[in-house]
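In: Sharing a model prediction with you, sequence too.
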Amino acid sequence: GAPVDPRPARGWPSDAMVVVTMGRLATEKSVELVLDALGIAAVNDERLRLLVIGDGPAAPSLRARAARPDLRGRVVFTGLLPHLEALASVAGCDAFAFASRTDTQGLVLVEALACGVPVVARSGPGVADSVRSGIDGMIVDDVRGLATAIASLASDPDRRREMAAEARQGAGRFDL
């Protein structure tokens, strides 16, 4: 479906830089690192927001983390969404963040790229098989790297657009 801009429904400014993450909210997925990275990057950029698509056992602790002062009002949890609705939401965002080191395939990375969204990912199994660092995303080592990459994409809309175009065009390499 067509991309769904999350800004109007969430009351976010039209110039908000929206990062999205999607998947099962479980400790091993390291979503708290995405929240921490956004908190670090947001110190220097008021426009940053995070859309969290998914649900799971870590949701209560992640919601508590998002309520702390550095992130208050910046993070929205959608809960589970139908798959096509989730993908339309991803496509309406500016960047996709991924911190898990337990996913061996990272299908969600391929989906984000196919939606035309640049990916910022912590290095781990399969990440470099999906994300072409410097081309359609950025692969980093830790939470500081995630924060730096998010800030870099937020401050450079031309680079973000170029990476988005590369993501969309290059996603064909994952066809059956």
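Out: It's in. Numbers count the residues shown, from 1 in each chain.
In: Give me the pLDDT for residue 105.
Out: pLDDT recorded at residue 105 is 66.
In: same deal with residue 174?
Out: Residue-level pLDDT assigned to residue 174 equals 77.
In: What is the burial count for it?
Out: Neighbourhood size, residue 174 [other Cβ atoms under 10 Å]: 14. From N, CA and C alone the C-beta is placed, and that goes for glycine too.
In: Pretty sure it sits against residue 109.
Out: No - Residue 174 is beyond contact range of residue 109, at 9.7 Å (criterion: Cβ atoms under 8 Å).
In: can you list residues touching both of the two?
Out: residue 130 (Cβ atoms under 8 Å, 6 or more residues apart in numbering).
In: and the gap between residue 124 and residue 101?
Out: 4 Å (Cβ to Cβ, to the nearest Å).
In: When the two are compared, which one has more neighbours?
Out: Taking neighbours as other Cβ under 10 Å, residue 124 and residue 101 compare with residue 124 leading, 18 against 15.
In: show me where this protein has strands.
Out: In the chain, strands defined by DSSP state E lie at 17-22, 48-53, 75-79, 95-98, 119-122, 137-140, listed in chain order.
In: Describe which strands the first one pairs with in its sheet and in which direction.
Out: Read it as strand 17-22. strand 48-53 (parallel), strand 95-98 (parallel) (DSSP bridges).
In: again with the fifth one
Out: Taking DSSP bridges as the criterion, strand 119-122 forms sheet pairs with strand 95-98 (parallel), strand 137-140 (parallel).
In: Of the ones you listed, which stretch is the most buried?
Out: strand 95-98 (a mean of 28; mean count of other Cβ atoms under 10 Å).
In: got the buried residues for stretch 2-15?
Out: 4, 5, 6, 7, 10, 12 (16 or more other Cβ atoms under 10 Å).
In: likewise stretch 76-92?
Out: For stretch 76-92, burial by neighbour count (16+ other Cβ under 10 Å) applies to 76, 78, 81, 86, 87, 88, 89, 90, 91, 92.
In: Can you tell me which of those end up in helices?
Out: 86, 87, 88, 89, 90, 91 (DSSP state H).
In: ok, now which ones touch the closest residue to residue 66 other than its chain neighbours?
Out: The shortest distance from residue 66 to any residue other than its chain neighbours is 3.8 Å, reached at residue 75 (Cβ to Cβ, 6 or more residues apart in numbering). Residue 75 makes contacts with 35, 38, 49, 50, 51, 52, 66, as judged by Cβ under 8 Å, 6+ apart.
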